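S.K.: Please work out how this folds:
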Amino acid sequence: MGQPMVNGALLMCSFGVAPSSLVVLPAKRTLASSVPLATITDTVPMVNILPFGVCTSLANPTVAAATAAALGVLTPMPCVPVTVSPWVPGSPTVLCGNLPVATATSKCMCAYAGVITCTFPGQVTVQAP
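M.R.: Sure thing, here's the model as predicted:
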C-alpha cells in the first residue's frame, strides 16, 4: 500500500502540462498530520481535482477543434478535468468514512484519456533521531 493522500497532495495528468493540488473537503473527515485524508471518491472535477494548466489530448473536443483550425498542428487548450472513475486501487485496509483511502499509488481516469496520478501524497513520515 502506498502512503495515504491528504489535502494538498500534488497530482499530474498524463495530458496536462502543470501539476495540480488535490482538495479534500474537511467535512467529518479523519485527519492525518492535521490534514483531511482523501478517499477514493474525492474525484469531483473543479472541487477535488483542479485543472492541470492546458490539455494536449485530442480526445478533448476543444483541443481537437483548435488543432483542426490550426491545420493539424496540436493546439493545447485550457484543462477542465472530467473525471469518470474513483481513485483505484484504494487502500484495502484503511477506511475513512466507510470508504477506502486513496493512496500515492492510486490513479484516476479523465474522460479525455488522461491518467491522473499522485506525485506527492501531501505528507511525509518524520522519524525521531
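S.K.: where along the protein do the helices fall?
M.R.: Taking DSSP state H as the test, the helices found in the chain are 61-69.
S.K.: worst-scoring helix or strand of it, pLDDT-wise?
M.R.: strand 31-32 (a mean of 70; mean pLDDT, DSSP states H and E).
S.K.: OK, contacts around residue 109?
M.R.: If you count contacts by C-beta atoms under 8 Å, 6 or more residues apart in numbering, residue 109 has them with 83, 84, 85, 115, 116. (Each C-beta comes from the backbone N, C-alpha and C, glycine too.)
S.K.: Touching, the third one and residue 43? I think so.
M.R.: Yes - checked against C-beta atoms under 8 Å, the pair residue 85 and residue 43 is within contact range at 7.2 Å.
S.K.: More neighbours: which of these two?
M.R.: When residue 85 and residue 43 are compared for neighbours, residue 43 comes out ahead with 23 against 13, by other C-beta atoms under 10 Å.
S.K.: I'd say that one and residue 110 touch.
M.R.: No - counting by C-beta under 8 Å, residue 110 is not a contact partner of residue 43; they are 9.8 Å apart.
S.K.: anything in contact with each of the two?
M.R.: Going by C-beta under 8 Å, 6+ apart, residues that sit against residue 43 and also against residue 110 are residue 83.
S.K.: Looking at this protein, which strand is longest?
M.R.: Scanning the chain for the strand with the most residues, using DSSP state E, yields strand 99-109.
S.K.: And that strand, what's buried?
M.R.: 99, 100, 101, 102, 103, 104, 105, 106, 108, 109 (16 or more other C-beta atoms under 10 Å).
S.K.: Then stretch 52-64?
M.R.: 52, 54, 55, 56, 57, 60, 62, 63, 64.
S.K.: Give me the distance between the closest residue to residue 49 other than its chain neighbours and residue 71.
M.R.: For residue 49, ignoring the flanking residues on the chain, the nearest one in space by C-beta to C-beta, 6 or more residues apart in numbering is residue 81 at 4.8 Å. As judged by C-beta to C-beta, to the nearest Å, residue 81 and residue 71 stand 28 Å apart.
S.K.: Show me which of these two is the more surrounded one.
M.R.: residue 81 (25 against 7).
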